[in-house]
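Turn this into a structure:
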Amino acid sequence: MNKIKKGDEVIVITGKDKGKKGIVLSVIDKGKKLLVEGINMAKKHVKANPNAGDRGGIVLKTMPIQRSNVMVYDATTKKGSRVGIRVLKDGQRVRYFKASDELVDVKG
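Residues are numbered from 1 along each chain as shown. Below you'll find the model as predicted:
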């Protein structure tokens, strides 16, 4: 079970985007890298293609970021928190915040 999943809100703890929050768009490279919305943006020069109707120019593209550079955002403490995995009495594995001891995946 991965500690960071698609759809989680994360906060960047190091690098040029330190302090920014975003939603995980996808987990790539066997969970080592993440694509986070609005984080680690790079400018890509795109050539025009009139046959496909594409305009040329400079496009912002989301680049992968290392999993170790982000933490899952805990709304109760308003900070990033480490995530642990706990097995409930019924055998279900759930993720929880280690700082506030609350479940990450709250369904309901």
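
Low-confidence bits of this structure, can you list those?
106-108 (pLDDT under 70).

quick one: the strands in the chain?
Assigned by DSSP state E, the chain shows strands spanning 9-12, 21-28, 33-36, 41-46, 57-62, 65-66, 70-74, 79-81, 83-87, 93-97.

Of the ones you listed, flag the one that's most buried.
strand 33-36 (a mean of 22; mean count of other Cβ atoms under 10 Å). (C-beta placed from N, C-alpha, C; glycine too.)

rewinding a little: need the strands of the chain in TSV with distance to Asp105, can you?
Below are those laid out as TSV (distance: least, Cβ to Cβ, whole Å):
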stretch	distance to Asp105
strand 9-12	13
strand 21-28	14
strand 33-36	18
strand 41-46	28
strand 57-62	24
strand 65-66	22
strand 70-74	11
strand 79-81	14
strand 83-87	10
strand 93-97	6
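
which one of the ones you listed lies closest to Asn2?
strand 21-28 (6.5 Å; Cβ to Cβ).

Skip the chain neighbours and tell me the closest residue to the most centrally placed residue in the chain.
Nearest to the geometric centre of the chain sits Val24, at 3.0 Å (Cα atoms, centre = their mean). Spatial nearest neighbour of Val24, excluding adjacent residues (Cβ to Cβ, 6 or more residues apart in numbering): Asp8 at 4.9 Å.

That neighbour: neighbouring residues, count only.
Residues within reach of Asp8, counting by other Cβ atoms under 10 Å, total 21.

now do Pro64
Using other Cβ under 10 Å: Pro64 sits among 16 other residues.

so it makes contact with Gly31?
No. If you go by Cβ atoms under 8 Å, Pro64 and Gly31 don't touch, sitting 11.6 Å apart.

Met71 touches Val10, doesn't it?
Yes. Using Cβ under 8 Å, Met71 is in contact with Val10, at 6.5 Å.

if we can go back for a sec, identify whichever of the strands of the chain lies nearest to Lys3.
Going by Cβ to Cβ, the one of the strands of the chain nearest Lys3 is strand 83-87, 4.3 Å.

Paired strands for that closest one, with orientation please.
strand 93-97 (antiparallel) (DSSP bridges).
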